[in-house]
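Student: Quick check, what structure comes out for this input:
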Amino acid sequence: MLVKQAQRLKAVRYDIRGPVLRRAQELEAAGHQIIKLNIGNPAPWGLATPDPIINDVVHNLASAQGYSDARGIYSARVAVAQKYQNQGATGVQPEDVMLGNGVSELIVMTLQALLDTGDEVLVPSPDYPLWTGAVSLCGGRAVHYRCDESAGWQPDLEHLASRITPNTRAMVIINPNNPTGAVYSREVLEGMLDLARRHGLLVLTDEIYDRIVFDGAVHHSAAALAPDVPMISMGGLSKTHRAAGFRSGWLAVTGFTGRDTDYLEGLQLLANMRLCPNVPAQLAIQTALGGYQSIDALVRPGGRLHEQREHAWRSLTAIPGVECVKPEGALYLFARLDPAVHKIRDDERMIIDLLEQQHLLLSHGTGFNIDTPDHFRVVFLAPVDVLDDAVGRLGTFLATYRQ
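Tutor: Just a heads-up that it's a prediction; the model follows:
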């Protein structure tokens, strides 16, 4: 008997872990060493979870053997609520917080609770592709709004407004943005939130990189700017606390009125069905959010992430025909190939050719739901010597590559 996948999966794409990654795994199995600058995973590059977080989890491990409340343990939810209160969302209480197995699980849950077949969700282009894939998985349709490269990848408010239809249910905001590194200005963010307010849209805001900002850029909490707009704000420990493998994330609910409970009841139902989030990972949250914020030293001038970003951006843009808006946040360079210099028709093919010829793994731009094959993403988590090696291999490849 041939067992087939569900038809709904036919519309789901997650290209950044698709054919390119499979080819990299084949090359590794054949004995080749691959430089992997394709995924924002801090641990392989020596960016470890701070010891106080690990020690607290270990110390409390014996108490983590049973299920917790489906929403998560109370002390962690208090810590998350206090985080949002400190950012200006003063109304957030522990009852408004739900913990998850990373933000990825919570993205799917929030959309499952919301969407019926044919419902539309506004998603940025480029985006973190789980958002587009999860909308499709839940029976909805991702409608992409343009982020303007010439304006530092800020969302184009006019284009965003033009994409709203009677079927639009929600707006996704990714700030700081993956893959572009844009940190949205207060003016643009308020414009987006005003559109949501006027059209009665739920706002889903992905703020996993909220503390990874550079050169004086300021991350504005959407929940603080629009306390009257129904909103689900998401964050976690993966990036700012270098605890990606813990799968420890959260969401905070704001802007819902006392009568507006139907959606939230659906979200609670889904939380109950998964029983609870990973309990040991929840134990990390209170210590992580309440203690010394070690990410601050990494992103200021002289800090490792700041210097790696500077170095990678300078060396990458020194390659003929490669342009890149300097990222103000997150962990990525989203570079553009000048079509007058590099005539690329298939960017996934280009990334596979680069992998096979130079044993360097990057991510192709169309995998982030951008509609031109002239971009690619580089992760700058690696030390400077590795970045130099990688950019050197890329420059050698592009000097002769033709499609």
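
Student: Domains in the protein, by residue range?
Tutor: Following automatic domain parsing, one finds the domains of the chain at 12-48+297-400, 51-290.

Student: Would you mind measuring from the residue nearest to Val279 when sequence neighbours are not counted to Gly258?
Tutor: Of all residues not flanking Val279 in the chain, Ala64 sits nearest, at 4.2 Å (Cβ to Cβ, 6 or more residues apart in numbering). To be clear about C-beta, it is placed using only N, CA and C from the backbone, and glycine gets the same treatment. From Ala64 across to Gly258, the span is 34 Å (Cβ to Cβ, to the nearest Å).

Student: So these two - more neighbours on which side?
Tutor: When Ala64 is set against Gly258 and neighbours are counted by other Cβ atoms under 10 Å, the residue ahead is Ala64, at 15 against 5.

Student: pretty sure the more buried one is touching Cys276, no?
Tutor: No. Ala64 lies out of contact with Cys276 (Cβ atoms under 8 Å); the separation is 10.6 Å.

Student: So which bits of stretch 216-223 are buried?
Tutor: 217, 219-223 (16 or more other Cβ atoms under 10 Å).

Student: Mind giving me the packing neighbours of the lengthiest helix in the chain?
Tutor: Using DSSP state H, we find that the single longest helix of the chain is helix 384-400. For helix 384-400, the elements it packs on are strand 35-36, helix 304-317, helix 347-358, strand 360-361, judged by 3 or more Cβ pairs under 8 Å, 6 or more residues apart in numbering; DSSP states H and E.

Student: how many other residues sit next to Leu61?
Tutor: The local packing of Leu61 (other Cβ under 10 Å) involves 12 other residues.

Student: which ones are touching it?
Tutor: By Cβ atoms under 8 Å, 6 or more residues apart in numbering, the residues touching Leu61 are 280, 283.

Student: What score does it have for pLDDT?
Tutor: Per-residue pLDDT puts Leu61 at 90.

Student: what's the answer for Gly291, then?
Tutor: 83.

Student: How about it: what's its closest non-neighbour residue?
Tutor: Among residues not flanking Gly291 along the chain, Pro52 sits closest, at 5.6 Å (Cβ to Cβ, 6+ apart).

Student: Can you report how many residues neighbour the one you found?
Tutor: 15.

Student: buried residues in the host helix or strand of it?
Tutor: Applying DSSP states H and E as the criterion places Pro52 in helix 51-59. For helix 51-59, burial by neighbour count (16+ other Cβ under 10 Å) applies to 53, 56-57.

Student: Also stretch 243-257?
Tutor: Residues of stretch 243-257 classed as buried: 243-244, 246-256 (neighbour count, 16+ other Cβ under 10 Å).

Student: From the chain's centroid, how far away is that stretch?
Tutor: Taking Cα atoms, centre = their mean, to the nearest Å, one finds stretch 243-257 lying 13 Å from the centre of the chain it belongs to.

Student: Stretch 316-326 now?
Tutor: In terms of Cα atoms, centre = their mean, the centre of stretch 316-326 is set 23 Å apart from its chain centre.

Student: Next: stretch 191-202.
Tutor: When distances are taken as Cα atoms, centre = their mean, stretch 191-202 is centred 22 Å away from the chain's centroid.

Student: mind listing what's buried in it?
Tutor: Buried residues in stretch 191-202, counted by 16+ other Cβ under 10 Å: 191-193, 195-197, 201-202.

Student: what does stretch 77-85 give?
Tutor: Using 16+ other Cβ under 10 Å as the test for burial, stretch 77-85 gives 77-84.

Student: Filter the residues you listed down to just the ones in helices.
Tutor: Residues of the buried residues of stretch 77-85 located in helices (DSSP H): 77-84.

Student: Buried ones in stretch 267-280, by neighbour count?
Tutor: Judged by neighbour count (16+ other Cβ under 10 Å), stretch 267-280 contains these buried residues: 267, 270-271, 276-280.

Student: Can you tell me which of these lies closest to Arg13?
Tutor: Set against Arg13, the nearest of the buried residues of stretch 267-280 by Cβ to Cβ is Leu270 (23.3 Å).

Student: dump the residue contacts of that closest one.
Tutor: Leu270 touches 109, 112-113, counting by Cβ under 8 Å, 6+ apart.

Student: Helix, strand or coil: sort out it for me.
Tutor: Three-state assignment for Leu270 (DSSP: H, G, I helix; E, B strand; the rest coil): helix.

Student: now for the strand or helix carrying Val143, which elements pack on it?
Tutor: Assigned by DSSP H and E, Val143 belongs to strand 141-148. Applying 3+ Cβ pairs under 8 Å, 6+ apart, one finds that strand 141-148 contacts strand 120-125, helix 130-137, strand 154-155, helix 157-162.

Student: quick one: which of those is nearest Ala70?
Tutor: Closest to Ala70 of the helices and strands packed on strand 141-148, according to Cβ to Cβ: helix 130-137, at 20.5 Å.

Student: residues in contact with the closest one?
Tutor: The contact list for helix 130-137, computed with Cβ under 8 Å, 6+ apart, reads 8-9, 11-14, 104, 107-108, 111, 115, 121, 123, 141-142, 144, 172, 174, 206, 369.
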